[in-house]
Structures are given as C-alpha cells and as structure tokens.
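1. Quick one: sequence and predicted model below, then my questions.
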Amino acid sequence: MAIVNYSDYIYYAGTTQPVVRVPVYVYEANTTNLATLYDGTGAALANPVYTDDNGLFDFWTVFGKYDLYVHNTKEYSVSLLELAYFYLGIFATNPTERPDGTPLQDGDMYFNSVINHT
C-alpha cells in the first residue's frame, strides 16, 4: 500500500497568527467517512489530527481525494492522488523514487529541507 504525506499550516484569516491546538478532521471526499490516517512510520494515527503551536498539522494516508474540516467546518478539499505525482513532500535528503516506488520523472517536485525550531 502506497501512502502519501500531507501537511499544512492554519492561520486566522488575514493574519499570520496560527490557529493552535484545533482538530482537523480528514474525511473521504463527499462522504461522512473519516479517512484512515498514519504517522510517518506507518503506524495508525487518530483522526482528527491537531494543529501544533505553529498551526501545523500533518498526516499520511493512501492516495485519494479528501475533505478537510477544521472545528467541524469544511475548509477545503485536497486530491492526494494528483498531488502525489507532482509534489512528493519535504525530505531531508534527495529522494530517488516516488512514494509508489517508481523512479522520479521530469516535473516531480520535492523540497530538500530540514525545519529547525528554537
């Protein structure tokens, strides 16, 4: 089973103030079915996930389309099926293959980045 990472920051509208420690529910698109989520090791992760002190939330799941709700209000939809083939995520080293194990292709994007928190 191939899984893909999704992470995002949530801010109060029109500000750079993060929305902290709020639940983010991930549903299969256009349903009331909570999606199955995983952490970075592939272990089961509770749904909802919560934003951290910087407004960041993060999860892994299978390729597909999902609706994301913050405080039980639909905020946006995301298609991880499409996202997976164009944006591979953030890596501390240069990847050599896609999440499904196939070689990188021209146009695939990733960020070789390490976030330092002080």
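-> Okay, I see it. Numbering: from 1, shown residues only.

2. Mind listing what's buried along stretch 54-74?
-> For stretch 54-74, a neighbour-count test (16 or more other CB atoms under 10 Å) marks 55, 57-63, 65-68, 70 as buried. The way it works is simple: take the backbone N, C-alpha and C, and place the C-beta from them, glycine included.

3. Put together CSV for these, with secondary structure, distance to Thr36 and pLDDT on each row.
-> Listed next are the buried residues of stretch 54-74 as CSV, based on DSSP: H, G, I helix; E, B strand; the rest coil; distance: CB to CB, whole Å; pLDDT from 0 to 100:
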residue, secondary structure, distance to Thr36, pLDDT
Gly55, coil, 24, 87
Phe57, strand, 16, 90
Asp58, strand, 15, 91
Phe59, strand, 10, 93
Trp60, strand, 10, 91
Thr61, strand, 6, 90
Val62, strand, 7, 86
Phe63, coil, 12, 80
Lys65, strand, 14, 84
Tyr66, strand, 11, 87
Asp67, strand, 15, 86
Leu68, strand, 15, 87
Val70, strand, 19, 86
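
4. how long is stretch 40-55 from one end to the other?
-> The stretch stretch 40-55 measures 19 Å between its terminal residues, going by CA to CA, to the nearest Å.

5. Pull the number of nearby residues for Ile3.
-> Ile3: 18 surrounding residues under other CB atoms under 10 Å.

6. Quick check: beta-bridge partners of it?
-> Ile3 forms beta bridges with Val62, as assigned by DSSP bridges.

7. Touching, Pro18 and Tyr9? I think so.
-> Yes: using CB atoms under 8 Å, Pro18 is in contact with Tyr9, at 6.6 Å.

8. anything in contact with each of these two?
-> 51, 54-56 (CB atoms under 8 Å, 6 or more residues apart in numbering).

9. Redo those as CSV? Include distance to Pro103.
-> Below are the shared contacts of Pro18 and Tyr9 laid out as CSV (distance: CB to CB, whole Å):
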residue, distance to Pro103
Thr51, 35
Asn54, 34
Gly55, 35
Leu56, 30
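
10. on that earlier part again, out of Pro18 and Tyr9, which sits in the more crowded spot?
-> Taking other CB under 10 Å, Pro18 and Tyr9 do not tie; Pro18 has more neighbours (17 against 13).
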